[in-house]
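Novice: got a predicted model here, sequence first, then my questions.
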Amino acid sequence: MHDARPLRPLSSLPWPFTGREDELELLRGALGAGRPGAVVTGPPGVGRSRLAAEAVRAAECVRVAGTPETRGTAFAAFAHLLPEGVTLHRAVHLLSGVRLLLVDDAQLLDDDSAAVVHQLAVQGRTRLLILVADGVPAPDAVARLRSGDLLPRLALEPLPRADVARVLAAVAGAGPEPLTVNRLHRLAGGDLSVLRDLLDALRDQGRFDRGTDGREWRWRGPVPVTPALRERAAAVLGRSRPEEREVLDRLAFAEPLPLAAAAAGPDLDVLERLEAEGLVRADDDAAVRLASPLHGPLLRAAAGRLRARRLAAGRPPCGAALETEAAELLRRIDAADVRSGVAPVGDWLVGEGEPVPAGYAAVRARFARLRGELREAVAWAREGLAGTPGDAGCLFELGCATEGLGEEFAPARGPGRASSPEAGRVESPPRPLSTPPSRFVVRRGTPSGTPSGTPSGTPSGTPSGTPSGTPSGTPDRASAGDAVRRAAPKGGVFARHAEALARGDGPGLDGVAAELEERGFLLFAAEAHARAAQLHRDPRAARTARTRAVALARRCQGARTPALAGLVLGELTARQRQIVTLAAAGLSNRQIAERLTLSVRTVGNHLYGAYTRLGASDRAALPWLVDLPDTRTA
């Protein structure tokens, strides 16, 4: 079902600055009065330039940049600031009066410009903000600065998934579905420039839809091959040697390949050449993969129909792989360790738009829910229900996850979707947690261009991974117990959690929370810290527990349990709480401004800050949050 409302034209909009709040604060501190500045490093596409622009937004700043075309021209980066024929000594003297100098793409500076920047850093009278890309050659003077010996060094990592989700929601004007966020984040690798190219390609070819409930946009199907994306994959799509392209295509349709199979015959020499160019990699498990997550989908999409059919025929059926993935996830749940769960076959299946067996979907939903990824749990449960609307395991997981997200996220009625009352009545399947999932059934043939054996059926005896002893149905909010906590596994750290809660032991709950966080149960850990904050007699211990609870809750995809919501509301300023309350009552920004005698811009700024702290993207969540009791301690 396609929504008639188009997404915003992505290329024409400035992408919002989101995430990186801690890095921005550090950078602004490094650029303060009496400070020497900083060097910002990181791989291409992590947003160094955007972070720097935010850091110097209100400051008087001189900007220079290196370019590939001018690396051989002396003082090219400073040509607009220095007279012609200047010497190094004279250049440093003339630039010493600059209070703040921003140097972008310093790895592309000519040697003379790099020497000027280095001498300014040694001199120490000019604050410097130097941006350098990792993994590329740089002039010796820049390389010495990149080491961090003269200036503090801030190393940026690729943008994490949570921040990618916020960017997607902001630039597209609607919330992205979690499985789509996962796929885009995986393909882009945290590189915002790749993410932009992907979104432009998907929008231009009309690949987005809003699903059955119409709340979130999603993407299913192959990666479109556009000129921009083809250019990014030119290293693999443009191979001139047929034997190299054949090996790359085999990996694209069947990765990971065991090293013994991938290196059969003369292919070992080919693989070694491709590995030397950074196009393939051999893992510790003796398997060979493509180095870039984007190359495989583009190679598959660019293959002709006959070639795709031939290459797909060599891939083993997905049913056994799905069973193995589900069994491993259940084993990790049974061991109370959900820190990570790699399941590439299931991710590929849902990304390609193929039906997902309900039993597998229930296991994925349960694993995501226990990790605190409630929206992802909802998405997986709905994938299973799309093919088997009455599946008990998926209905149970859907009910638990939506309860933790709040009433406004309750599942809507529609084909393949469970209504909230129905989800609330379903009993937890009695299957023991340690029992492996049953065999996944393949009901129909594989379309050309996709791996053979793609499962589309539902296993007999639907497994959900729910341990025996779990309460039937979803818990009632009025019981003061949170849905996610009440549906937790029994024994071990969870038993200690219940005991500490029964004793009213704040320090004990903090200790349990630390272990839960280490094991990957982020929402459970946030809940434990939240309860501890209410029980501590020491105000400092209560503040620490509250801070930890809020930090963990922000990583839980909008979880809105009563204890957590009260803590998060407690993080707002008095003015923010006042404006949020009025916005939750339905007042527009202009109406709020008139009532409080503020400017509309000021109201908007306060709301934006509140959204960031609340983990909300718009006003939709505010009524639910404001109606909750505030559990702040005195």
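Specialist: Right, received. Where do you want to start?
Novice: tell me the mean pLDDT for the helix or strand containing residue 196?
Specialist: For residue 196, the enclosing helix or strand under DSSP states H and E is helix 192-204. Confidence over helix 192-204 (mean pLDDT, whole number) is 88.
Novice: so which bits of it are buried?
Specialist: Neighbour counts using 16 or more other CB atoms under 10 Å place 192, 194, 195, 196, 197, 198, 199, 200, 201, 202, 203 of helix 192-204 among the buried residues. Any C-beta I mention is one placed from the backbone N, CA and C, and that applies to glycine too.
Novice: just grab the bridge partners of residue 128 for me.
Specialist: Per DSSP bridges, residues listed as beta-bridge partners of residue 128: residue 37, residue 101.
Novice: and for residue 511, nearest residue in space, chain neighbours not counted?
Specialist: Closest residue to residue 511 in three dimensions, ignoring its sequence neighbours and counting by CB to CB, 6 or more residues apart in numbering: residue 500, at 7.8 Å.
Novice: please name the residues that touch the one you found.
Specialist: With contacts taken as CB atoms under 8 Å, 6 or more residues apart in numbering, residue 500 has the following neighbours: 508, 509, 511, 512, 528.
Novice: which one is the second one nearest to, not counting chain neighbours?
Specialist: Taking CB to CB, 6+ apart as the measure, residue 509 lies nearest to residue 532, with 3.8 Å between them; neighbours along the chain are not counted.
Novice: next: the fourth one.
Specialist: The shortest distance from residue 512 to any non-neighbouring residue, by CB to CB, 6+ apart, is to residue 497 (4.7 Å).
Novice: so the one you found touches residue 532, yeah?
Specialist: No: using CB atoms under 8 Å as the test, residue 497 is too far from residue 532 to be in contact (10.6 Å).
Novice: domain parsing for this protein?
Specialist: According to automatic domain parsing, the chain comprises the domains 21-155, 231-313, 491-634.
Novice: longest helix in this protein, please.
Specialist: Looking across the chain with DSSP state H, the single longest helix is helix 318-334.
Novice: buried residues in that one?
Specialist: Neighbour counts using 16+ other CB under 10 Å place 318-319, 321-323, 325-330, 332-333 of helix 318-334 among the buried residues.
Novice: other SSEs contacting the helix or strand harbouring residue 552?
Specialist: Assessed by DSSP H and E, residue 552 sits inside helix 539-553. Of the remaining helices and strands, those touching helix 539-553 by 3 or more CB pairs under 8 Å, 6 or more residues apart in numbering; DSSP states H and E are helix 506-518, helix 522-535, helix 562-570.
Novice: quick one: pLDDT of the residue nearest in space to the middle of the chain?
Specialist: Using CA atoms, centre = their mean, the residue of the chain that lies closest to the mean C-alpha position is residue 161, 1.0 Å off. Here the pLDDT value assigned to residue 161 is 84.
Novice: that one contacts residue 182, correct?
Specialist: Yes: using CB under 8 Å, residue 161 is in contact with residue 182, at 6.9 Å.
Novice: mutual contacts of those two, please.
Specialist: Common neighbours of residue 161 and residue 182, counting by CB under 8 Å, 6+ apart, are absent.
Novice: distance check, the nearest residue to residue 257 once chain neighbours are set aside against residue 253.
Specialist: In space, and not counting its chain neighbours, residue 257 is closest to residue 288: 5.1 Å by CB to CB, 6+ apart. The gap separating residue 288 from residue 253 is 13 Å, by CB to CB, to the nearest Å.
Novice: now what about the helix or strand hosting residue 90, what contacts it?
Specialist: Assigned by DSSP H and E, residue 90 belongs to helix 88-95. Applying CB under 8 Å, 6+ apart, the contact partners of helix 88-95 are 75, 78, 81-82, 86, 101, 112, 115-116, 119-120, 123, 126.
Novice: neighbour-wise, which one of those residues leads?
Specialist: The member of these surrounded by the most neighbours (other CB atoms under 10 Å) is residue 116, with 27 neighbours in all.
Novice: distance of the closest residue to it other than its chain neighbours relative to residue 503?
Specialist: Residue nearest to residue 116 in three dimensions, not counting chain neighbours: residue 91, with 5.0 Å by CB to CB, 6+ apart. Residue 91 sits 70 Å away from residue 503, going by CB to CB.
Novice: who's more crowded, those two?
Specialist: Of the pair residue 91 and residue 503, residue 91 is the one with more neighbours under other CB under 10 Å, namely 22 against 11.
Novice: pLDDT of the helix holding residue 90, averaged?
Specialist: For helix 88-95, the mean per-residue pLDDT is 92.
Novice: distance to residue 284 added to the buried residues of helix 192-204, as a markdown table?
Specialist: Formatted as a markdown table, the entries for the buried residues of helix 192-204 read as follows, by distance: CB to CB, whole Å:
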| residue | distance to residue 284 |
| --- | --- |
| 192 | 30 |
| 194 | 26 |
| 195 | 29 |
| 196 | 33 |
| 197 | 31 |
| 198 | 29 |
| 199 | 34 |
| 200 | 36 |
| 201 | 34 |
| 202 | 34 |
| 203 | 39 |
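Novice: now, which of those sits nearest residue 294?
Specialist: Within the buried residues of helix 192-204, proximity to residue 294 (CB to CB) peaks at residue 194, which comes in at 6.7 Å.
Novice: count of residues packed around the spatially closest residue to that closest one that is not a sequence neighbour?
Specialist: Among residues not flanking residue 194 along the chain, residue 188 sits closest, at 4.2 Å (CB to CB, 6+ apart). Residue 188 is flanked by 22 other residues according to other CB under 10 Å.
Novice: now do the contacts for residue 188.
Specialist: Under the criterion of CB under 8 Å, 6+ apart, the contact list for residue 188 reads 45, 164, 194, 195, 198, 294.
Novice: residue 223 is in contact with the fifth one, correct?
Specialist: Yes: Residue 198 sits in contact with residue 223 when judged by CB under 8 Å, with a separation of 7.5 Å.
Novice: which stretches of the chain form strands?
Specialist: Defined through DSSP state E, the strands belonging to the chain, from first to last, are 37-42, 62-65, 100-104, 127-133, 153-155, 208-209, 218-219, 257-258, 280-282, 287-290.
Novice: of those, which is nearest residue 359?
Specialist: Checking the strands of the chain against residue 359 by CB to CB gives strand 218-219 as the closest, at 22.1 Å.
Novice: who does the closest one pair up with?
Specialist: The sheet places strand 218-219 alongside strand 208-209 (antiparallel), with pairing taken from DSSP bridges.
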